[in-house]
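In: model the following, please.
(one chain, ligands or ions: 1)
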Amino acid sequence: MKVAVVGATGLVGSKMLQVLAERNFPVTELVPVASERSVGKEVEFKGNKYKVVSMADGIAAKPAVAIFSAGGSTSLEWAPKFAEAGITVIDNSSAWRMDPTKKLVVPEINADALTPEDKIIANPNCSTIQMVVALNPLHQKYKIKRIIVSTYQSVTGTGKKAVDQLNNERDGKEGEMAYKYQIDLNVIPQIDVFLDNGYTKEEMKMVNETKKIMRDDSIRVTATTVRIPVVGGHSESVNIEFENDFDLAEVKQLLSEAPGVVLQDDPSQQLYPMPLLAHEKDEVFVGRLRRDETQPNTLNMWIVSDNLRKGAATNAVQIAEYLQGKGLL
Ligand code: 2RA
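Out: Prediction:
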């Protein structure tokens, strides 16, 4: 199968190539696509070198699927053009996520909604993906009323410039700033821009995308998203109020059996998820499970996942795997 990766030279694009190779997705020919300034550069895939081509040449190559991670404006302009050429687009930007005509997919939860008519499919925000993968099994069993989430997000979510800023600060070197402030030895309680309601775009993505993916507008979500100086993945402290009471042992059993989830929860062994342990893995790691003793039917949980993998590249490739398995590519 001919596969295009649009934004192939970026942090997420490179991870998409890595994951496609690792998961042995049936790529017979890779079409790396990027902006004009990267055309002609080379990327390596499964031991072969491929020259990066332009958007127009990416369409002309007629891949079966194009996995985009090239920013919202590029997706808004080019995803329809790829789709019009009969190419299925899986887009990692926020451009199409809340479009009512587009599916927002986490394969463990709602891949069944995909049909042959879906030619532009949205990949959710990384901080949303890891949360809904962990919460969906509990929602099915106990019905979620309200979620309070605080995130601790890796600089890799911003991109290479932010990773370079962190490394420069640690090495005492000058360099370009991805953030308004120093990130080393600091935390920044702002991810993306502020909106009129005082929340950031990142926080409202978690609020809105959660309802769409879990197909339940009654779920109330409030979020605080924070940037921290780590690279291995995003961490989230989540407080969940359910309609119905739960048994903690049963919650742990449900999570240990949930698709895409690994339970790491043994205080006696100081076992809990950490970015250090989640880095370069595809699962969503859950721990620190305990009842919120201040109100009934409420659970506290800690969720960690590699935001470049399950939070972006792996989820997108899993959507492609689902489509391929259903003969939709
Ligand atoms: C971030 N979730 O972490 C956003 C986009 N990757 O910056």
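In: what number of residues lie near whichever residue of the chain sits closest to the ligand?
Out: Closest to the ligand within the chain is residue 157: 2.1 Å, counting by C-beta to the nearest ligand atom. Quick note: C-beta positions are derived from backbone N, CA and C, even for glycine. Residues near residue 157, counting by other C-beta atoms under 10 Å, number 25.
In: contacting residues around it?
Out: 126, 127, 191, 227, 234, 307, 311 (C-beta atoms under 8 Å, 6 or more residues apart in numbering).
In: for it, give its distance to residue 111.
Out: 24 Å (C-beta to C-beta, to the nearest Å).
In: before we move on, the earlier item: among the contacts of residue 157, which ones are in strands?
Out: 227, 234 (DSSP state E).
In: which of the contacts of residue 157 are buried?
Out: 126, 127, 191, 227, 234, 307, 311 (16 or more other C-beta atoms under 10 Å).
In: check those residues against the ligand, which are close?
Out: Checking the buried ones among the contacts of residue 157 against the ligand by C-beta under 6 Å from any ligand atom, the ones in range are 126, 127, 191.
In: interface residues of the protein facing the ligand?
Out: 125, 126, 127, 153, 157, 158, 191, 202.
In: pick the one among the contacts of residue 157 closest to residue 64.
Out: The nearest member of the contacts of residue 157 to residue 64, counting by C-beta to C-beta, is residue 311 at 24.5 Å.
In: domain-wise, how is the chain divided?
Out: 2-124+312-325, 127-307 (automatic domain parsing).
In: look up phi and psi at residue 288.
Out: Note on residue 288: backbone dihedrals following degrees, to the nearest 10 are phi 50, psi 40.
In: quick one on the thing from earlier: farthest pair in the contacts of residue 157?
Out: Spatially, the most separated pair among these is 227 and 311, at 14.4 Å (C-beta to C-beta).
In: chain center to stretch 111-130: distance?
Out: Here the centre of stretch 111-130 is set off from its chain's centre by 11 Å, with C-alpha atoms, centre = their mean, to the nearest Å.
In: should've said stretch 156-172
Out: 20 Å.
In: C-alpha coordinates for that stretch, PDB please?
Out: C-alpha atoms of stretch 156-172 as PDB (Å, rounded to 0.1, in the frame of the first residue of the first chain):
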ATOM      1  CA  THR A 156       7.500  17.300  23.100                       C
ATOM      2  CA  GLY A 157       3.900  18.300  22.700                       C
ATOM      3  CA  THR A 158       5.100  21.700  21.500                       C
ATOM      4  CA  GLY A 159       7.700  20.300  19.100                       C
ATOM      5  CA  LYS A 160      11.400  20.300  18.500                       C
ATOM      6  CA  LYS A 161      11.900  24.000  19.300                       C
ATOM      7  CA  ALA A 162      10.600  23.400  22.900                       C
ATOM      8  CA  VAL A 163      12.800  20.300  23.400                       C
ATOM      9  CA  ASP A 164      15.800  22.400  22.200                       C
ATOM     10  CA  GLN A 165      14.800  25.200  24.600                       C
ATOM     11  CA  LEU A 166      14.800  22.800  27.500                       C
ATOM     12  CA  ASN A 167      18.100  21.200  26.600                       C
ATOM     13  CA  ASN A 168      19.700  24.600  26.000                       C
ATOM     14  CA  GLU A 169      18.500  25.900  29.400                       C
ATOM     15  CA  ARG A 170      19.900  22.800  31.100                       C
ATOM     16  CA  ASP A 171      23.200  23.200  29.300                       C
ATOM     17  CA  GLY A 172      23.400  26.900  30.100                       C
END
